[in-house]
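Colleague: Below is the structure, and that's it, no one-letter string:
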């Protein structure tokens, strides 16, 4: 590397290194800490009780979608039946 | 030797984190929060966005703490997550044309315009440096911020960015040259202004 470029690079590095650190304001800092700590404790609890994690996964991946699908199907069946009864019945006065 | 001690200390910290020790989390949080926030703030140039990404980064660490590898380098892990979150944001966000125009305008006009970050900077040199960083292309800015500002080892920085050490060296060299050019231009403008005033 030519000496002038090397010197310039060193100067830029020194200046960049001296840039003051930045931080979030104390209120936000504590808010993030609280949220993350709560998540950490939740994960640690799940890791201690694997069956709880498995139950959670079973609920979110199988039970909940199945419940939503069943409710949707029941509603659609009721709606189609009602509409067909209305359409096939005697005309309204 | 100190490097070895540091590595052992970090392993112990990772081990405590894996067990869900809140004190270990606080230690990591206090050590890496300022450099992470500095990186995100200078990368995104938006304080609120940087705060949101910072929060998401720490939530990711908390959510994955129990599954960390024993030899995880926490600094590199956190910077990688933060950088990936920022990239996802950039990829999906509607392009803010005004912001782009502002960047182009300020790049052309030198030191005349100041961003909110610039305004809070103490010295003129700091202002110029912040500005020089703000107008760097994103890929180059990431490299300069990680190595020159946050003092990550080049090997770790290359891993964070997912590039080879040689590619990192090129980006750094390009970044330093641009920053130096920017500072030189600012100096010329200031000298000319002083001469005109005299």
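Modeller: Ah, there it is. What you see is a predicted model; the values in this text were computed from it and never measured.
Colleague: Flag the shaky bits of chain B, pLDDT-wise.
Modeller: B:1-3, B:93-122, B:198 (pLDDT under 70).
Colleague: Name the residue of it that lies nearest to chain A.
Modeller: At 2.3 Å from chain A, residue B:20 is the closest residue in chain B, using CB to the nearest CB. From N, CA and C alone the C-beta is placed, and that goes for glycine too.
Colleague: so what's that residue closest to, chain neighbours aside?
Modeller: residue A:44 (2.3 Å; CB to CB, 6 or more residues apart in numbering or on different chains).
Colleague: Which element, helix or strand, includes the one you found?
Modeller: helix A:26-48 (DSSP states H and E).
Colleague: element containing the residue nearest to the spatial centre of chain B, please.
Modeller: With distances taken as CA atoms, centre = their mean, the residue of chain B nearest its centroid is residue B:39 (2.3 Å). Using DSSP H and E, residue B:39 sits in helix B:22-44.
Colleague: Could you list the buried residues of that helix?
Modeller: Neighbour counts over helix B:22-44 (16 or more other CB atoms under 10 Å in any protein chain shown) mark B:22, B:24-25, B:27-29, B:32-33, B:35-44 as buried.
Colleague: Can you narrow the residues you listed down to the ones near chain A?
Modeller: Contacts with chain A within those, as defined by CB under 8 Å from any CB of the partner chain: B:22, B:25, B:29, B:33, B:35, B:37-38, B:41-42.
Colleague: now check the lengthiest helix in chain B, is it near chain A?
Modeller: Counting residues, the longest helix in chain B under DSSP state H turns out to be helix B:165-197. Yes: applying CB under 8 Å from any CB, one finds helix B:165-197 touching chain A at B:173, B:176-177, B:179-180, B:183.
Colleague: nearest spatial neighbour of residue A:23, skipping sequence neighbours?
Modeller: residue B:34 (4.7 Å).
Colleague: and the angle for the helix or strand containing residue B:84 with helix B:22-44?
Modeller: Residue B:84 is part of helix B:74-92 when elements are defined by DSSP H and E. When axes from the mean of the first three to the mean of the last three CA atoms, to 10 degrees is applied, the directions of helix B:74-92 and helix B:22-44 differ by 40 degrees.
Colleague: Tell me which residues of helix B:74-92 come out buried.
Modeller: Buried, per 16+ other CB under 10 Å, within helix B:74-92: B:74-83, B:85-86.
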